[in-house]
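Visitor: Below: sequence and its predicted model.
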Amino acid sequence: MTPLSSRHSLPTATEIASARESSRTLAAYLQASAETQQIEIFDAKGTRHPVHVPVSALHLLLDALAEIGEGNAVRIISVHAELTTQEAADALNVSRPFLVQLLERGELPFHKIGTHRRIRYQDVIAYKERIDTERRKALDALAEQAQMLNMGYE
């Protein structure tokens, strides 16, 4: 199983414009109270094909369209996925050797399959959220200190 999609390129200008329009349309008709909604897909001959889609999937599609509409590439990964060290390093935007150091220090849980380390995606996200929270606290403390010392930040 490959948990990450193979498409990593940035969207084209046409895709960005299409995603923006599609996200606005989808958002306008998305019924949050329903479990499923019916959408229609048209084949090459113009024949309509109704598709019943879970609302949770439509919310995911809406999020993806919004990101593409901003010009961002999007990857979908299962929350139960197990990542290689390179995939986990990419998700955290760190080098693979740095990630291995985190693993060996016990800052991020992992298990081995043979000689290969695997990290649960959920653990990677939890680590990222924990580190981001610590960084925000440090930045808030620095900003407060700068204001107390009248360093010109108002």
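Guide: Arrived safely, thanks for sending. Numbering: from 1, shown residues only.
Visitor: show me where the chain has strands.
Guide: In the chain, the strands defined using DSSP state E lie at 36-42, 48-54, 82-83, 111-113, 116-120.
Visitor: okay if I get those as a markdown table plus mean neighbour count, mean pLDDT and distance to L61?
Guide: Using the backbone N, CA and C atoms, a C-beta is placed for each residue, glycine as well. Compiled in a markdown table, the strands of the chain are given as follows (neighbours: other Cβ atoms under 10 Å; pLDDT from 0 to 100; distance: least, Cβ to Cβ, whole Å):
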| stretch | mean neighbour count | mean pLDDT | distance to L61 |
| --- | --- | --- | --- |
| strand 36-42 | 11 | 92 | 10 |
| strand 48-54 | 10 | 94 | 8 |
| strand 82-83 | 20 | 94 | 24 |
| strand 111-113 | 9 | 94 | 33 |
| strand 116-120 | 17 | 96 | 25 |
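Visitor: The ones you listed into JSON lines, with extra columns for distance to A17?
Guide: Formatted as JSON lines, the strands of the chain follow (distance: least, Cβ to Cβ, whole Å):
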{"stretch": "strand 36-42", "distance to A17": "20"}
{"stretch": "strand 48-54", "distance to A17": "23"}
{"stretch": "strand 82-83", "distance to A17": "33"}
{"stretch": "strand 111-113", "distance to A17": "43"}
{"stretch": "strand 116-120", "distance to A17": "37"}
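Visitor: Among those strands, which comes closest to L30?
Guide: Across the strands of the chain, L30 has its closest neighbour in strand 36-42 (7.2 Å, Cβ to Cβ).
Visitor: and that closest one, what other elements does it pack with?
Guide: The contact analysis (3 or more Cβ pairs under 8 Å, 6 or more residues apart in numbering; DSSP states H and E) places strand 36-42 against strand 48-54, helix 55-69.
Visitor: any idea of the angle the first one forms with helix 55-69?
Guide: Compare the direction of strand 48-54 with that of helix 55-69 by axes from the mean of the first three to the mean of the last three Cα atoms, to 10 degrees and you get 100 degrees.
Visitor: from now on call the first residue 50
Guide: Right, with 50 as the first residue, what we last looked at is strand 97-103.
Visitor: Please consider this matter closed, and thank you.
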